[in-house]
Structures are given as structure tokens and as C-alpha cells.
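>>> Let's see this in three dimensions:
(chains A and B)
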Protein chains: 2
Amino acid sequence: MSEVVTKATLAKEAAAVLNRLTTEQKNEALLHMADALITEQASLIAANEEDLERGRANGTSPSMLDRLRLTPDRIAAIADGVRQVVELPDPVGDVLEAFERPNGLRIVKSRVPLGVIGMIYEARPNVTVDAAALCLKTGNAVVLRGGSAALSSNRRIAEVLRGAMSATAMPPESLQMIEDASRSSVDEMLKLNGLLDVIIPRGGASLIQNVVQNATVPVIETGAGICHTYVENSADYGMAEAIAVNAKVQRPSVCNSMETLLLESGFAAGHLPALAAKFRELNVELRGCEITAKLAPEIKPATDENYATEYNDYILNIKVVDGLDEALAHIRRFGTMHSECIVTESQANADRFLQEVDAAAVYHNASTRFTDGFEFGFGAEIGISTQKLHARGPMGLPALTSTKYKVVGTGQTRG
Amino acid sequence: MSEVVTKATLAKEAAAVLNRLTTEQKNEALLHMADALITEQASLIAANEEDLERGRANGTSPSMLDRLRLTPDRIAAIADGVRQVVELPDPVGDVLEAFERPNGLRIVKSRVPLGVIGMIYEARPNVTVDAAALCLKTGNAVVLRGGSAALSSNRRIAEVLRGAMSATAMPPESLQMIEDASRSSVDEMLKLNGLLDVIIPRGGASLIQNVVQNATVPVIETGAGICHTYVENSADYGMAEAIAVNAKVQRPSVCNSMETLLLESGFAAGHLPALAAKFRELNVELRGCEITAKLAPEIKPATDENYATEYNDYILNIKVVDGLDEALAHIRRFGTMHSECIVTESQANADRFLQEVDAAAVYHNASTRFTDGFEFGFGAEIGISTQKLHARGPMGLPALTSTKYKVVGTGQTRG
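Predicted structure coming up:
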């Protein structure tokens, strides 16, 4: 048996035990894990140093190395994240429906763990701990397949977490770390129906597309975000500028940042030069449609390819539109159904935008950067779903559960 | 453009219109559709006769021909089914969560249509109408790809339903029927990400496996049911016999009928001969484990392949087990997570069974045949989900919806 099958089989067996644990038992194990991250931090940093060394030898960029790096402060923050997951309410066992049928059957629909969750993700080692904590809190076993750049760190993290579990009711087999860094371990996970109940990819567009295109295991698609902000003539300039700037530059590398700014023509005529100057001041490279180029000639032309690109960078497309219908059509064509915003003083147009835009989160007069589990008040999230099945938008703990109907009778048969 | 892409594109455009219709507008269109089925019944029966003729020429079995046949009574029942869908509450717009964040953002999570639903199914033409009614009621456009055996019937049904829509606010393009009966139209639908939001297969195991194995569009898996009834020593014989008989013979062809009866050894020792005689009287062919064969020597031996087969027929496996743990292990190995039952007077064992068996519906002292939208009180169903994501068990109208977060601010930006 391959590493993937062996470990997924162990995870499935552990899932049956996890399904029977109480919230208190799960929380106790999580607190042990948080403590162990602190007490074992020297060995975590030593393992992480191996990854950094390999990264430096491979010519990894300083910013990537920084994302990879574990420090005592970062480990403390990661452990704190686990403790915050302990504080979140456990959705498992929640009764969603309970009713009695005329024939006397009593039916209860309640939340149960999904079973075994496969996570396929890239570099940052904090994801290893976050994902493990969220899955285990909801009674799921987890098979983690992180990026090769963080392999030493991830292996040591898994050892530490599993060691911490061994003193608790939670079986260490509940957490499995795939060490085979080749593409074939990913391919194998994608087809592991019967052992994995769901796969959640986290990472760049190519990682996610590989999972969506090739998985036969059900997938929760996360992440890709080509987000728009559409500003109408009626918008307050100060509010529009603040929202657009925040959506672009507060953290350009993330999925809910803005890639294209749509301006209604009257707003553009009055304010585009000032807004363009503001973005340049913030080191944002601008690309624009033909009308944009007339109003601010120094802006490079934007192509359809630009509109279809998630930059995750200090680059912004600007397009002038005739009004709401053209803005909606542009978003329908280029949006990824993540987060979309309208800035307007027209309640009627805001209502239409919120109703008609097909996205996980639609905003009126607020930055798209709020699409986030913590900002929504859900606590840590396993990702932001951009699909329509099962979960959509920031995924709190309930997104990591399924349901079951329990039916209790007194001998009923169907007529 | 192929037929599939052309029609799915039209469906996607129609979905944007459907998303804006009120419940009243959708219901009005559905009532028109129900009426049109009645007024156009002569042409439906004529089209159906073409299918029957082709079927007879192809040597289709009488029972299959009967499933395919439309009669005035059956058309009336199908039209009644549409009227029942009108009576069901519309989940679209239901507010699932509404809260205000400390920064003043007001967040509302409400139900929205999924968008465009692809249905891939086999013979019976009533599925065409049922599926269309359920999808349209929930504001979804639907692309139907039925079996070639019912092509003439399905084509005429689609014409009649679309004709009925044309006098209403619902665009006829909301319903698309794929007429290309070749395998390639199915293959194309399975990869139509961006145009189809979900695919729901309904039919036999091979149809469903083809969809699960090859779709890149998210799938709601339905149907396969290897269901068990486990009877403990403490069970009342009369109740156990009634439940087992009902689960097997009330309608053997459906997914929630029983395929394997597990008997605790004491119950078997006392009652297996009587129970076997009862099943034989009902023309059920029995296959049994070694212990079964000792207690009732005329029973053929059951193999692992038998235990892994969904007979959908008058055939039943019987296996004697030591107790609950062995029963749970057998169900874990051979069950399809559909419907599972324990018959016992032990509350502790019933509780363990309901908790530990991983299935959409778990029963204590009632027949598995109740896993059904009507029996659960949900009304007509699009299918019974056997997967854990999005929907599990009988799918009522809410299973045909997604959600959206609407976020309303006053200029908030993220710090």
C-alpha cells in the first residue's frame, strides 16, 4: 500500500473514534496540542531552519522565505490560534430539525463530522496547525498534504501534535501528514473515494484548478478571487476612495482584494484623475479601458486578459462603464463569484446589485476585504468557499460537518 | 457551438432572469405547465408511442416498457405532482443568519438559487417533469439529459412545458432538453464548469459512477443503496419480521430497500427457520453465511460479492453476527451510507447504532423504506443524496439552493 492509502486508512479508522468523543475530550486534546507547540518550539524552529536552508539554496525569494519562517512569536500566535478554536462552539450534535410524522416516527436531523478531510495546500506551515485544529475540533480526521518547501517543518509539527494527542482520548492517527512531496501523492488523494470524504485545496489558482479538474472525491473549492468594486455617480468621493484604496492595498496578496475598479462615467469624468493619482502615490500600477486612457493618459491599456487575471499584487484595472447594467455584465463575465462591491447612494441600484450579482459575498458601501471568517465573527476559517454547494464564503466550523437523520420508531412499516 | 454548450448558455442567461422572479411568478408558471400537460396529453401520448414502438422493436422488456408508458392517468398524476410543488414553500430568499458586526456592518445570509442544474437520468419521462418543476420552483434553470429510450416523450414534454412558460414571466429558455442521445453529450455536460453549477445524476449505479468519476462540475451523488437491517436477540419477533419483510419486499427495486439482513446469533437460532420460510413464501431468494446455512440448509451460500451487490430485486443476503460490533463492522465494509436499521429493545445498543453508523438515515425499529421526501414530509424530492457534502438523505427544495452573504455598510474599510 502507498503512503497515501496507508495513512488515509488509518485516518478513517481514527474518524470512527473521533465521532464518539465529547466536545470536552476534543478541546482537551487541542489544548495539549497548543501547549506542545510552545514546549517543543526549539525543535520546530530547528526543523524549519532545514526548510529555510533548502529554500535559500533553491533561490527562494526573501518574501517567500519570510512566509515560511517560524519564530517564537509566530509559534506563540499559532498556538493561540489553536486555543481560539477551543473557544469556538462545537457544531457536532447540533439539532437542525426535529419532528414527528403522523405515523409516529420521530426524525431528528443533526450535525455529524464529515469523516476524513484531505487538505492539499502550499507553503506556510501555520496552515498545517490551523487546518488540523479546525478539522479535529469538528470530529474529523485529517490527511494533510503540504507543499514540499515546508516539508521538514510540517513533519515536525505533525509529530508534535500527534505526540500531544497520545496523552488524550484523541487517537494520534486522527492527523496524518503525507511526506511524499511528489505530484503523485496529490493525484492519489484526489481519487481516494471511500477513504476521503472531502478534499479542500488551499493555495494558488493552479493548485486549485488541478484539484477541481482531477478529483473524484468531492471538493470544496476555495480562494480564487477576481473581485470588483463598482462606483456610481451618486457615490460620495471620500467613501469611494477609501473603499477602493482599502480593497486594493490593505493586503493585495489575498483573494478578497480588488483587481478591477469599475467607475460609472460621470464619476470617472469628475474624479478619475484624482483617484489615479492616489493609487500611483500608493505604488499601484494602473491599467485602464479606452475612456480611462482619455481621462488619465498615462495609464496603460487594459486587455481582456488583464480583466481575467487575479493579480494579488499592486496592480489595478480601471474600467469606465455606462451604468449598473454594464457593471453587472462585466462582473458576470470576469468575476469569480467571490466578493463584489457597489459604492452608491442609490438604494434601488444597491438592491439590484446585491440581488443580481452571483457571488459568495456582495457589498454595499464597504470594502471587499471583510470577506473573512474573523471579520464575519466566525473565528478561524478553513478557507473561503467560492463554490455554491455545501458552503459559500468564509467557512466556519459548521462547514466542516455533514448531517444525519436519526429515525426512531415503534415498528413502523411503509404501506 | 455544440448543442450542450448552446443550450447551457441559454440556460445560464435565463437563470439571471429566474433569480429575479417572485414566488408568485414562479408558481404561476408552474400552474400553467401543469395545465398544459393535461391539455396537450394527446400529443404527449403520441410522442410516447414512438418511444414504446422503438422499445418494442429493440426487444425492451415488458416491465421497462411499462415504466416508459404515459397514460392519461399517469399524465394527470404527473401534473398533480407539479401542483404539489407549487404548494411547497419557496426557500429562496429565506434568511438563515442576520447580524451586525461591532464596526456596524450588517450581514445577512440568505438562500439563493444554485443557478443552472444539470440533470442526467434514465428512462422514465415523469422524471423530466418532476425535476423541471423542482428546479424551476427554486429559481434554477435546468439542463435535462434523459435516456434515449424516452427521447420522443421527453422532447414533447419539454416543448409543452416551454410553451406553457411563454405566457408567463418565466423565460422558456429556463428549461433545456438535450436531444443528443450519444454518450458525448453526457461527457460534455460533466465538464461544463462555468455554465452548470451542479450536476445531479439519477439512475443506476453505472450512470452515477460515470458522473462521479468524470465530472469536474460539482456533483450531488444520489441513489446507490446497499441497506442493512440488523436484528438483535432482544428484538420482538413480530416487529422484526414486519420490518425486515417491509424493507425487502414492499418495493424491492428502489434504493432504500434492504439487501442484507444481519441477525444476532441468538435471534437467528430461535427464529431463522421461520423468517426464512416467510421470505420464501414471498418469493424472495435467500443467500446466507455459513451459520445461516446450518440453521436453514436450503439457503445458498452468500459471498462477499453478494454482500457488495445492490440487487434491487427479490433476493436477500442473511448473515449471522455475534453482536453489535460485528454488525457495525459489516455495515462499515459493505454499506453505501444510505439507510441502515437496528431492531432491538436495547436502548443502549440503539443509541450506539444511531451514533456510530455513518449513513444518511439511521433507523431504530422502523423500516428503511421511509427514507423518502414524501415520507419525511418534505414533498417531492430531486433524489436521495448519498454524499456528505451539501445535502444528505432525501433532498427537499432547500437542497436546490445555495446561499449568499449580503453585507451593507456605511463606508467601512478594514484596518
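
>>> domain ranges for chain A?
A:3-220+A:395-408, A:227-370 (automatic domain parsing).

>>> Any part of the last one near chain B?
Spelled out, it's domain A:227-370. Yes - Domain A:227-370 lies within reach of chain B by Cβ under 8 Å from any Cβ of the partner chain, at A:236, A:238-239, A:242-243, A:245-246, A:250, A:332, A:350, A:354-356, A:358-367, A:369-370. Every residue, glycine included, has its C-beta placed from N, CA and C.

>>> Next: the first one.
Yes - using Cβ under 8 Å from any Cβ, domain A:3-220+A:395-408 comes into contact with chain B via A:16, A:19-20, A:99, A:101, A:105, A:107, A:109, A:112, A:114-115, A:193, A:197-198, A:212-213, A:216, A:218-220, A:402-408.

>>> Narrow those to those that are buried.
When these are checked for burial by 16 or more other Cβ atoms under 10 Å in any protein chain shown, the buried set is A:19, A:101, A:105, A:107, A:109, A:112, A:114-115, A:193, A:197-198, A:212, A:216, A:218-220, A:402-408.

>>> Just give the nearest non-adjacent residue to A:Pro113, would you?
Ranked by Cβ to Cβ, 6 or more residues apart in numbering or on different chains and with sequence neighbours excluded, the top spatial neighbour of A:Pro113 is A:Gly139, at 3.5 Å.

>>> That neighbour: neighbouring residues, count only.
The burial count assigned to A:Gly139 is 28, neighbours taken as other Cβ atoms under 10 Å in any protein chain shown.

>>> Would you check how far apart it and A:Lys26 are?
Computed as Cβ to Cβ, to the nearest Å, the A:Gly139 to A:Lys26 distance reads 7 Å.

>>> Quickly list what's touching both of these two.
A:Leu18 (Cβ atoms under 8 Å, 6 or more residues apart in numbering or on different chains).

>>> Which of the helices and strands in chain A ranks last by mean pLDDT?
Lowest mean confidence among the helices and strands of chain A (mean pLDDT, DSSP states H and E): helix A:62-68, at a mean of 89.

>>> Name the next helix or strand downstream of that helix, please.
Per DSSP states H and E, the first helix or strand lying C-terminal to helix A:62-68 is helix A:72-87.

>>> That following helix - contacts with which helices or strands?
helix A:23-39, helix A:41-57, helix A:126-137 (3 or more Cβ pairs under 8 Å, 6 or more residues apart in numbering or on different chains; DSSP states H and E).

>>> which stretch of helix or strand covers the residue in the stretch 151-300 of chain A positioned nearest to chain B?
Closest residue of the stretch 151-300 of chain A to chain B, Cβ to the nearest Cβ: A:Asn246 (3.6 Å). Here A:Asn246 sits within helix A:237-249, counting by DSSP H and E.

>>> Past that helix, which element shows up next along the chain?
That would be, after helix A:237-249 and using DSSP H and E, strand A:258-264.

>>> Show me what that following strand is packed against.
Under the contact definition 3+ Cβ pairs under 8 Å, 6+ apart, strand A:258-264 sits against strand A:227-231, helix A:237-249, helix A:265-281, strand A:315-321, helix A:324-334.

>>> contact partners of the second one?
It refers to helix A:237-249. With contact meaning Cβ under 8 Å, 6+ apart, helix A:237-249 is reached by A:227, A:229, A:231, A:257-258, A:261, A:267, A:270-271, A:274-275, A:278-279, A:282, A:284, A:314, A:316, A:341, A:343, A:365-369, B:411, B:413-414.

>>> Try it again at 6 Å.
With contact meaning Cβ atoms under 6 Å, 6 or more residues apart in numbering or on different chains, helix A:237-249 is reached by A:229, A:231, A:258, A:261, A:271, A:282, A:284, A:316, A:343, A:367-369, B:411, B:413-414.

>>> for the stretch 101-250 of chain A, what are the low-confidence residue spans?
Nowhere does the stretch 101-250 of chain A drop to pLDDT under 70.

>>> so what's the residue in the stretch 251-400 of chain A that chain B sits nearest to closest to, chain neighbours aside?
As assessed by Cβ to the nearest Cβ, chain B sits closest to A:Ala366 within the stretch 251-400 of chain A, at 2.9 Å. In this structure, A:Ala366 finds its nearest non-sequential neighbour in B:Gly409, 2.9 Å apart by Cβ to Cβ, 6+ apart.

>>> try A:Glu232
Nearest non-adjacent residue to A:Glu232, counting by Cβ to Cβ, 6+ apart: A:Thr344, 3.9 Å away.

>>> hang on, the earlier thing: let me have the helices and strands packed on strand A:258-264 in TSV, extended by mean neighbour count.
Shown next, in TSV, are the helices and strands packed on strand A:258-264 (neighbours: other Cβ atoms under 10 Å in any protein chain shown):
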stretch	mean neighbour count
strand A:227-231	27
helix A:237-249	21
helix A:265-281	17
strand A:315-321	23
helix A:324-334	17
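
>>> strand partners of the lengthiest strand in chain A, parallel vs antiparallel please.
Longest strand in chain A by number of residues, with DSSP state E as the criterion: strand A:401-412. The pairing partners recorded for strand A:401-412 under DSSP bridges are strand A:106-113 (antiparallel), strand B:361-366 (parallel).

>>> pLDDT (mean, whole number) over it?
The pLDDT scores in strand A:401-412 average 97.

>>> and for it, what are the contacting residues?
A:91, A:103, A:105-109, A:111-112, A:114, A:138, B:239, B:354, B:361-366, B:388, B:392-393.

>>> And those residues, which of them are buried?
Buried members of the contacts of strand A:401-412, scored by 16+ other Cβ under 10 Å, are A:91, A:105, A:107-109, A:111-112, A:114, A:138, B:239, B:354, B:361-366, B:388, B:392-393.
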